[in-house]
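S.K.: Pasting the sequence and the predicted model now:
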Amino acid sequence: MEIKQLSFRLDGVFLPRLEEKNKPIYFAEVQFQNDARFYSRFFSQIFLYLDKTDLENDWRGVVIYPRHQVGRI
């Protein structure tokens, strides 16, 4: 079985300078609608990005919501 890779787009990827291996990579998403599958998609995008690069930095995921209620599942 073969699964074609879907297109993923992150709202923001903030990379430290190459010499700053102790600084994390930040992945950012802006989410304005309730979406029960948001977190699975967000983490899939992050892991796909990390799989396709040679970066070994730690990472952080940041989600920006317009109000607290939107982030509840």
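M.R.: All right, it came through fine. This one's a predicted model, so the numbers in the text were calculated from it and none came from an experiment. Residues are numbered from 1 along each chain as shown.
S.K.: C-alpha only now, for contacts and for neighbours.
M.R.: Fine.
S.K.: all strands for this protein, in order.
M.R.: 12-14, 25-30, 59-64 (DSSP state E).
S.K.: got the buried residues for the lowest-mean-pLDDT helix or strand in the chain?
M.R.: When each helix and strand of the chain is scored by mean pLDDT, DSSP states H and E, helix 38-51 comes last, with a mean of 93. Buried residues in helix 38-51, counting neighbours by 16 or more other Cα atoms under 10 Å, are found at 42, 45-46, 49.
S.K.: quick check: angle from it to strand 59-64?
M.R.: Interaxial angle, helix 38-51 versus strand 59-64 (axes from the mean of the first three to the mean of the last three Cα atoms, to 10 degrees): 140 degrees.
S.K.: Low-confidence regions, the chain specifically.
M.R.: Low-confidence segments of the chain (pLDDT under 70): 1-6, 70-73.
S.K.: Residue 25: neighbour count?
M.R.: 20 (other Cα atoms under 10 Å).
S.K.: and the residue lying closest to it once chain neighbours are set aside, how far is that from residue 46?
M.R.: Excluding the flanking residues, the one nearest residue 25 by Cα to Cα, 6 or more residues apart in numbering is residue 59, at 4.5 Å. As judged by Cα to Cα, to the nearest Å, residue 59 and residue 46 stand 9 Å apart.
S.K.: Overlap in contacts, these two.
M.R.: residue 27 (Cα atoms under 8 Å, 6 or more residues apart in numbering).
S.K.: For residue 68, give its distance to residue 33.
M.R.: Counting by Cα to Cα, the gap from residue 68 to residue 33 is 11 Å.
S.K.: Neighbour count: those two, which is higher?
M.R.: residue 33 (12 against 8).
S.K.: Kindly list the main-chain dihedrals of that one?
M.R.: Residue 33 adopts backbone torsions of phi -130, psi 150, taken as degrees, to the nearest 10.
S.K.: quick one, what contacts residue 23?
M.R.: By Cα under 8 Å, 6+ apart, residue 23 lies in contact with 16, 57-58.
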